[in-house]
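Peer 1: here is my input, please return the structure:
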Amino acid sequence: MAAWRKMSVGDIKGLLRVADEIHPDLPEGEHVFAERVKLFPDGCLVLKEGDKNEICGYAISHPIRHRQPPALDSLLGEIAPDADQYYIHDLAILPRLRGQSLAAACIGKLLTVAQRYRTTCLVSVYGTTSFWGRFGFERETVDAVLSEKLRGYGEDATYLERQNSQV
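Peer 2: Below you'll find the predicted structure:
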């Protein structure tokens, strides 16, 4: 049985193995993941599989300024003090564990953290727009600056947003 838990810096090597398999055309360096878990540990999770203690999925998320997701493979430096939107940077699960509602469980955890913000956004890749739609994410019109940033995420990259129910 697999379960989500908070990520630690020690998990990054295992996370990279998953990222290399899931995102071979969208590589990000170890430094990016290490920075995210240090800056915003509440938004960083790993999926561990039972007795194997093997990382078989991960999620990276954090606050950003509205409609200003970071470029792929870039450092943040800090979480902006005026961050007013939540950003799901990545959710990846190895194919052998898909179809077990593990992604939904993770998204539920992330959206609980996101309740501090009016909206949550993400960049959908690999034709996953309809998957994210099940969680209230909708395609949004983007300006030229955001459109240029999306190109770094691949040809099918789509910016999505959802309203959070404020607590």
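
Peer 1: give the buried residues for the top strand by length along the chain.
Peer 2: For the chain, the strand with the greatest residue count under DSSP state E is strand 54-64. For strand 54-64, a neighbour-count test (16 or more other C-beta atoms under 10 Å) marks 55, 56, 57, 58, 59, 60, 61, 62, 63, 64 as buried. Just so you know, the C-beta spots here come from the backbone N, C-alpha and C atoms, and that holds for glycine as well.

Peer 1: I'd like those laid out as a markdown table, including pLDDT.
Peer 2: Putting the buried residues of strand 54-64 into a markdown table (pLDDT from 0 to 100) gives the following:
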| residue | pLDDT |
| --- | --- |
| 55 | 96 |
| 56 | 96 |
| 57 | 98 |
| 58 | 98 |
| 59 | 98 |
| 60 | 98 |
| 61 | 98 |
| 62 | 98 |
| 63 | 98 |
| 64 | 98 |
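
Peer 1: Three-state assignment for residue 110, please.
Peer 2: helix (DSSP: H, G, I helix; E, B strand; the rest coil).

Peer 1: any idea how far residue 90 is from it?
Peer 2: In this view, residue 110 and residue 90 are 11 Å apart by C-beta to C-beta, to the nearest Å.

Peer 1: what is in contact with these two at once?
Peer 2: Residues touching both residue 110 and residue 90 (C-beta atoms under 8 Å, 6 or more residues apart in numbering): residue 59.

Peer 1: tell me which residue of the protein is furthest from the middle?
Peer 2: In the chain, counting by C-alpha atoms, centre = their mean, residue 51 sits farthest out from the average C-alpha position, at 25.7 Å.

Peer 1: how far away is it from residue 15?
Peer 2: With C-beta to C-beta as the criterion, residue 51 and residue 15 are 20 Å apart.

Peer 1: same check on residue 88?
Peer 2: The gap separating residue 88 from residue 15 is 15 Å, by C-beta to C-beta.
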